[in-house]
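A.B. asks: sharing a sequence plus its predicted fold:
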Amino acid sequence: MIAFLAFALALLPPSHAADIAAPLAETPIAALPVAPAQALGLSGMTWLNNAANLGGAALPALGRGDFGAVYAHPAQPAWVVKIAADGFGAPNPRGRSQMTRDMLAEAAASRALADAQAGPRLIAVTRIPHRLQPFLDQMAGWFGARAPDWSRPALVKERVIGSTLGELRRAGKRTAVHDALAGDLKARLRTAGLAVSDMHDENVMIGVTASQAEARAYLVDAGSVRGLTTTSPAPTP
Ligand SMILES: Nc1ncnc2c1ncn2[C@@H]1O[C@H](COP(=O)(O)OP(=O)(O)O)[C@@H](O)[C@H]1O
Ligand SMILES: [Mg+2]
């Protein structure tokens, strides 16, 4: 077993740290609020078997889509954590880089949505470590190698306390009021020049947030938002 793992580690390029950090450094979108998980009150959260863990137990997700799994923040009830999810949890370096780029693009889009009052506030971009990372690091250390980083890119956003349009429909509670609020959301998106290609019922939530007490429709998933304009740098005097 050990020999096999040593062989597998030897096949890996020396370090993937640069692969993972590069998209953060290269993103053309300045001033994304990148913060370490500890600084966001997430130090106990890890990733294992395609789910977030806390204190050794899998956390129940608030929701899942094609790209992410969304959890209530364990310490801050006003926030959620959206973690890039897939398969067993150790994508290849190319997959990891792509996942990070996608999450950074989503962070920028989330911020644009929030600026347009069309999405919940973006708090931070972070990474959630893999539960087996310490073991992997130790193993690699024995062979003088550096282990690949299995951490997942994640977004911390304001939580929308409410329901998706799909949940309301399935519960038989969807009314014309919800459709009117969704209409207002579409108008705000149009005004802000944002185009959305997957505006479906699981991506729209009706509810309130800690910073907005009045019920609104929010596009909670910024993954398909396009037409963003990056902020121009301030002119030098
Ligand atoms: N800010 C939020 N507050 C509360 N629930 C959310 C929030 N964002 C997402 N969710 C829930 O998580 C589900 C999946 O989130 P989403 O961002 O659509 O992921 P994906 O990109 O994988 O489709 C949503 O359908 C919704 O139920
Ligand atoms: Mg979605």
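C.D. replies: Okay, I see it. Ligands and ions are numbered 1, 2, ... in the order given.

A.B. asks: next SSE after the top helix by length along the chain?
C.D. replies: Looking across the chain with DSSP state H, the single longest helix is helix 93-115. Downstream of helix 93-115, the next assigned helix or strand under DSSP states H and E is strand 122-128.

A.B. asks: off-centre distance for that next one?
C.D. replies: Centroid displacement of strand 122-128 relative to its chain, using C-alpha atoms, centre = their mean, to the nearest Å, is 7 Å.

A.B. asks: residues in contact with it: which ones?
C.D. replies: Identification of contacts with strand 122-128 by C-beta atoms under 8 Å, 6 or more residues apart in numbering yields 24, 32-37, 40, 42, 45-47, 52, 79, 81, 83, 103-104, 107, 110-111, 114, 151-158. C-beta coordinates here come from the backbone N, C-alpha and C atoms, glycine included.

A.B. asks: which residues in the chain form helices?
C.D. replies: 2-11, 17-26, 93-115, 133-142, 165-170, 176-192.

A.B. asks: which stretch in these is the model least sure about?
C.D. replies: Mean pLDDT per stretch puts helix 17-26 lowest among the helices of the chain, at a mean of 36.

A.B. asks: that older thread, now distance to F67 and mean neighbour count too, for the helices of the chain, in a markdown table please.
C.D. replies: Converted to a markdown table, these look like this (distance: least, C-beta to C-beta, whole Å; neighbours: other C-beta atoms under 10 Å):
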| stretch | distance to F67 | mean neighbour count |
| --- | --- | --- |
| helix 2-11 | 28 | 10 |
| helix 17-26 | 16 | 14 |
| helix 93-115 | 7 | 20 |
| helix 133-142 | 22 | 14 |
| helix 165-170 | 17 | 16 |
| helix 176-192 | 20 | 15 |
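
A.B. asks: can you redo the ones you listed as a markdown table with distance to ligand 1?
C.D. replies: Compiled in a markdown table, those are given as follows (distance: least, C-beta to the nearest ligand atom, whole Å):
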| stretch | distance to ligand 1 |
| --- | --- |
| helix 2-11 | 30 |
| helix 17-26 | 18 |
| helix 93-115 | 7 |
| helix 133-142 | 23 |
| helix 165-170 | 7 |
| helix 176-192 | 14 |
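
A.B. asks: export these to CSV and tack on distance to ligand 2?
C.D. replies: Written out in CSV, the entries for the helices of the chain read as follows (distance: least, C-beta to the ion, whole Å):
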stretch, distance to ligand 2
helix 2-11, 34
helix 17-26, 21
helix 93-115, 10
helix 133-142, 27
helix 165-170, 10
helix 176-192, 15
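
A.B. asks: and the ones you listed: which comes nearest G63?
C.D. replies: Evaluated over those, closeness to G63 peaks at helix 165-170, with 9.1 Å, by C-beta to C-beta.

A.B. asks: from the chain's centroid, how far away is that closest one?
C.D. replies: 23 Å.

A.B. asks: what's that helix packed up against?
C.D. replies: Taking 3 or more C-beta pairs under 8 Å, 6 or more residues apart in numbering; DSSP states H and E as contact, the helices and strands that helix 165-170 lies on are helix 176-192, strand 204-209.

A.B. asks: next, count neighbours for the residue in the chain that ligand 1 sits nearest to.
C.D. replies: Relative to ligand 1, the nearest point of the chain is G65 (1.8 Å; C-beta to the nearest ligand atom). If you count neighbours by other C-beta atoms under 10 Å, G65 ends up with 16.

A.B. asks: lovely, talk soon.
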